[in-house]
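K.L.:
Model the following, please.
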Amino acid sequence: MKIARRFNGGSQIKQDPIPCCRRPTRGASRAFVDKFHTPRSFMQFINHAVTTTQCNAPIAKIHVQSSPMSHRYESLLVHSIFSTKDRRPLIPKDIRPRLWAYIGGIAKTNSFKALAVGGIEDHVHVLLSLPATLAVAKAIQLIKGGSSKWMNDKPGRRSFAWQDSYGVFTVGISQVESTLRYINNQEHHLRVGYEDEFRKILQRHGIREFKG
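P.N.:
Have a look, this model is predicted:
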């Protein structure tokens, strides 16, 4: 309101140059502000009026700029690992490419990204990029629920299920390339078992294995 009081009110605004040294009455100032229905229309008038005033005071144009921090920026990357029920070999080699693609489709449908999906017959690795509004547990639930239904809809695969437990580990931006290679090259499991692999990942992240 301090800016508005520098200008005259009513219809005279459109007819005469606006002397910044003349103070309008309270009623005129209120009438002046009421003429503008949005902050943008008001600021457009202010920019014009300040640069065309006949006062001897210094002229300064008002700029309204958008700060970078007025937007949301996020980089939330997680490496998720989960196995089939009881670690049974329920994912045959011929169906894996379609299952990996389907998991990627689940992520896209729910507004997050599966940057890489890979695995062998008894477990899956997924590198996920998540929005801040989506909990990790919810993302895993969507992937496991949707892919389990898809597998069970296949003829002769009514007994497919994922293990309830899973592992999720944060990934720094400098680790993305190595994580992608690791997920896309799962043939090393012919030499390293799932349990041994999972223990090594726990140790790498400083997590103690739970032993019930």
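
K.L.:
could you pull out the strands for the protein?
P.N.:
76-83, 113-120, 123-130, 167-170 (DSSP state E).

K.L.:
Ok, which of these comes nearest residue 143?
P.N.:
strand 123-130 (6.7 Å; CB to CB). No exception for glycine: its C-beta is placed from N, CA and C like everyone else's.

K.L.:
Would you format the strands of the chain as TSV with distance to residue 186, mean pLDDT and mean neighbour count included?
P.N.:
Output for these, formatted as TSV (distance: least, CB to CB, whole Å; pLDDT from 0 to 100; neighbours: other CB atoms under 10 Å):
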stretch	distance to residue 186	mean pLDDT	mean neighbour count
strand 76-83	11	94	19
strand 113-120	5	95	19
strand 123-130	7	96	22
strand 167-170	15	92	15
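
K.L.:
closest to residue 137 out of the ones you listed?
P.N.:
That would be strand 167-170 among those, by CB to CB, at 8.3 Å.

K.L.:
Give me the helix or strand of this structure that scores worst on average pLDDT.
P.N.:
Every helix and strand in the chain was compared by mean pLDDT, DSSP states H and E; the lowest is helix 12-15, with a mean of 44.

K.L.:
hmm, who's touching the lengthiest helix in the chain?
P.N.:
For the chain, the helix with the greatest residue count under DSSP state H is helix 136-152. Contact partners of helix 136-152, identified using CB atoms under 8 Å, 6 or more residues apart in numbering, comprise 78, 80, 82, 90, 95, 99, 102-103, 106-107, 110, 112, 114, 126, 128, 130, 157-162, 166, 168.

K.L.:
Ok, stretch 101-115 next?
P.N.:
If you take CB under 8 Å, 6+ apart as the criterion, stretch 101-115 is touched by 77, 117, 124, 126-131, 134, 139, 142-143, 146-147, 150, 176, 180.

K.L.:
Can you measure across it, start residue to end residue?
P.N.:
11 Å (CA to CA, to the nearest Å).

K.L.:
Now do the end-to-end distance for stretch 166-179.
P.N.:
17 Å.

K.L.:
change the start of the numbering to 299 and stick with it
P.N.:
Yes, from this point I'll number from 299; that puts the last item at stretch 464-477.

K.L.:
buried residues in that stretch?
P.N.:
For stretch 464-477, the neighbour count (16 or more other CB atoms under 10 Å) marks 464-465, 467, 469, 474, 477 as buried.

K.L.:
How about stretch 378-393?
P.N.:
Quick answer for stretch 378-393 (16+ other CB under 10 Å): 378-382, 388-389.

K.L.:
Please report how far residue 378 lies from residue 436.
P.N.:
Separation of residue 378 from residue 436 (CB to CB, to the nearest Å) stands at 12 Å.

K.L.:
swap in residue 494?
P.N.:
30 Å.

K.L.:
low-scoring stretches of the protein, by residue?
P.N.:
Low-confidence segments of the chain (pLDDT under 70): 299-368, 455, 485-490, 492, 510.

K.L.:
Show me the helices in it, by range?
P.N.:
Counting by DSSP H, the helices of the chain are 310-313, 324-332, 337-350, 394-407, 434-450, 474-482, 492-502.

K.L.:
Sort out which residues of the longest one are buried, please.
P.N.:
By that I understand helix 434-450. Quick answer for helix 434-450 (16+ other CB under 10 Å): 437-438, 440-442, 444-445, 448-449.
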